[in-house]
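*Asks:* Provided below for reference: sequence and predicted model.
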Amino acid sequence: MYSEALGRGMFSATVCYPLDTIRRRMQMKGKTYNGMLDAFVTIFKKEGAAGFFKGWAANTLKARRCRLAVSKPVLKARMVSALEARI
């Protein structure tokens, strides 16, 4: 159950990451782009598809760590109750 939720979270982060990259670059670089479509085309021409995923690994690991920290107590409680049910 936990791995399924983790997988879904990683999938959604991966799908949304290119749009997030465009948003961040438009905020950081100021008036370099003339809108979102121009930013998309410029990034794709200069860096290729990989340009949309720079920083993806660090972001995904950070999100995974946060999910683990939040769900670890819940997972532990479920394991304890499952073990108690066996006894």
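*Replies:* Noted; the coordinates are in hand. What you see is a predicted model; the values in this text were computed from it and never measured. Numbers count the residues shown, from 1 in each chain.
*Asks:* low-scoring pLDDT stretches of the protein, where are they?
*Replies:* 1-3, 5-6, 63-76, 78-79, 86-87 (pLDDT under 70).
*Asks:* residue ranges for the helices of it, please.
*Replies:* 2-29, 36-47, 56-86 (DSSP state H).
*Asks:* Those into a markdown table, with extra columns for mean neighbour count?
*Replies:* For the C-beta atoms, the positions are set from N, CA and C on the backbone; glycine is no exception. Shown next, in a markdown table, are the helices of the chain (neighbours: other CB atoms under 10 Å):
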| stretch | mean neighbour count |
| --- | --- |
| helix 2-29 | 13 |
| helix 36-47 | 13 |
| helix 56-86 | 11 |
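*Asks:* where's the most centrally placed residue in the chain relative to residue 59, distance?
*Replies:* Nearest to the geometric centre of the chain sits residue 13, at 3.1 Å (CA atoms, centre = their mean). From residue 13 across to residue 59, the span is 7 Å (CB to CB, to the nearest Å).
*Asks:* Equivalent analysis for residue 16, please.
*Replies:* Separation of residue 16 from residue 59 (CB to CB) stands at 10 Å.
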